[in-house]
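> no sequence on this one, just coordinates:
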């Protein structure tokens with residue numbers, strides 16, 4: 001496993017140590033790994049959303065009303 005050293009203000013160090021003290025994490029390293037994983041997940045979701053928005057922007061206009069779109073979605077649930 002690679003090692004990484006970071007410098008943070010005392011306030012952030014205290015915050016991370018408090019998360020560990022609560023018992024949610026076994027160490028500050030465990031806490032930082034969880035934050036990095038969450039950031040990776042967030043970025044993947046953000047990129048997917050941006051791609052889906054672009055697909056929508058490139059699609060042709062529709063004559064459907066909002067009400068008909070909602071009704072169709074409810075029907076397909």
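Thanks, I have it. Being a predicted model, the structure only gives us computed values, none of them experimental.
> tell me the contacts of residue 43?
By Cβ atoms under 8 Å, 6 or more residues apart in numbering, residue 43 lies in contact with nothing. C-betas here are computed from N, CA, C, even on glycine.
> which residues are contacting the helix or strand harbouring residue 71?
For residue 71, the enclosing helix or strand under DSSP states H and E is helix 66-76. Defining contact as Cβ under 8 Å, 6+ apart, one finds that helix 66-76 is touched by residue 64.
> model confidence over it, on average?
Here helix 66-76 scores 95 as its mean pLDDT.
> Do a quick rundown of the strands in this structure.
Using DSSP state E, no strands are found in the chain.
> Do a quick rundown of the helices in it.
Secondary structure of the chain (DSSP state H): helices at 10-21, 28-58, 66-76.
> Could you dump those helices into a markdown table with distance to residue 1 added?
Converted to a markdown table, the helices of the chain look like this (distance: least, Cβ to Cβ, whole Å):
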| stretch | distance to residue 1 |
| --- | --- |
| helix 10-21 | 19 |
| helix 28-58 | 10 |
| helix 66-76 | 45 |
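> nearest to residue 3, of those helices?
For these, the distance to residue 3 is smallest for helix 28-58, at 9.3 Å, taking Cβ to Cβ.
> And the helices of the chain: which comes nearest residue 4?
In terms of Cβ to Cβ, the element of the helices of the chain nearest to residue 4 is helix 28-58, at 8.4 Å.
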